[in-house]
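Visitor: I would like the atomic coordinates for the input below:
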Amino acid sequence: MTEALETVCQVAPSSASVLLLGESGTGKELFARALHEHSPRAGRPFVRVACAALPETLLESELFGHERGAFTGAVYARAGRFEIADGGTLFLDEIGDLTPPVQVKLLRFLEEREFERVGGNKTLRVDVRIVAATNRDLAAKVAAGEFREDLYYRLNVIEIRVPALRHRPGDVAILAGHFLRRFATENRKDVRAFSDEAMRLLQEHSWPGNVRELENAVERAVVLARDTVLEADLFPSLAPDEHKAAGSTLREIEREAILRTLAEVGGSTTAAARVLEISPRKIQYKLREYRERALAT
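Guide: Numbering: from 1, shown residues only. Sure, this is the predicted structure:
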């Protein structure tokens, strides 16, 4: 973490593109904001785009804007995120999910600093720094022909790897204390500390969902707390026997893994799919299956 933060401080004053690599939930957006806030662009907009959250047609319009009549429903012209971020920083989260057509337009901007709105023919120029992030192996996607090699090198001028929480266990107590104070204030709860047993559970957990999972666990505990100290029973997903599977069937182990991971990432099937390395569709299918079995029972 020290090395990563030192790199942020060193490259923040420049306009070089930065690629943030790390698992989901490690805090890549906070690194992107730190790059922006320690740069000469700090007084200008910091604009975030979740590339995986929008289909290709909407993502292109979201990034580059569109002219009136460019597509069905485009009843007025609209500026895209590039124009909104002019003079500032554009943070492209989950860059590995960009489709080939959008990759082409992004590459052109990085090479020529210009673009056209969807449905338009006027060339626009803006001064925007690109910071991209992904939890995918972009080099492997390049080798598989799924991501443009030239775009990869344009984005990867400076590479910063954000380590997983399990690789920096000394941060768990510090982060947990930060989240406790924050959520106690937000929820107007008189919660001041963790019990020794609760802190032991936090420090022994492997945190597959990283800092986001820790944040969710502490928020839940603070909301449900009835005392000034958070006890171990407020962290049921961190029970010490959570990984014991002797005597269980593969189906039972799979069900436990899916439901526990969903609980740890706040119910997001997309986030759980990344942790479990399966598709969100499979998780949704399994949830339907569990519900039908429960109803039948």
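Visitor: residue boundaries of the strands in the chain?
Guide: 18-21, 46-50, 89-93, 114-116, 123-125, 129-134, 158-161, 193-194, 229-230 (DSSP state E).
Visitor: now for the third one, which elements pack on it?
Guide: To tie it back to what came earlier, the one meant is strand 89-93. Packing partners of strand 89-93 (3 or more CB pairs under 8 Å, 6 or more residues apart in numbering; DSSP states H and E): helix 28-37, strand 46-50, strand 129-134. C-beta: built from backbone N, CA, C; applies to glycine.
Visitor: indicate which one of those is closest to Val191.
Guide: helix 28-37 (23.7 Å; CB to CB).
Visitor: for the closest one, list every residue counted as buried.
Guide: 28-29, 31-36 (16 or more other CB atoms under 10 Å).
Visitor: which two of the residues you listed have the greatest separation?
Guide: Across those (CB to CB), the longest gap, 13.0 Å, separates Lys28 and His36.
Visitor: could I get the helices and strands packed on strand 89-93 in JSON lines, plus columns for mean pLDDT and distance to Ser206?
Guide: Below are these laid out as JSON lines (pLDDT from 0 to 100; distance: least, CB to CB, whole Å):
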{"stretch": "helix 28-37", "mean pLDDT": "96", "distance to Ser206": "20"}
{"stretch": "strand 46-50", "mean pLDDT": "95", "distance to Ser206": "26"}
{"stretch": "strand 129-134", "mean pLDDT": "96", "distance to Ser206": "22"}
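Visitor: how about a markdown table for these, with distance to Tyr285 added?
Guide: Output for the helices and strands packed on strand 89-93, formatted as a markdown table (distance: least, CB to CB, whole Å):
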| stretch | distance to Tyr285 |
| --- | --- |
| helix 28-37 | 29 |
| strand 46-50 | 24 |
| strand 129-134 | 26 |
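Visitor: which of the ones you listed sits closest to Gln284?
Guide: strand 46-50 (19.4 Å).
Visitor: in this structure, where is pLDDT below threshold?
Guide: Across the chain, the ranges flagged by pLDDT under 70 are 239-248, 294-297.
Visitor: domains of it?
Guide: As given by automatic domain parsing, the domain ranges for the chain are 2-163, 165-244, 245-297.
Visitor: Lys282 and Leu250, how far apart?
Guide: 15 Å (CB to CB, to the nearest Å).
Visitor: shouldn't Leu106 be in contact with Tyr152?
Guide: No - using CB atoms under 8 Å, Leu106 makes no contact with Tyr152, being 11.2 Å away.
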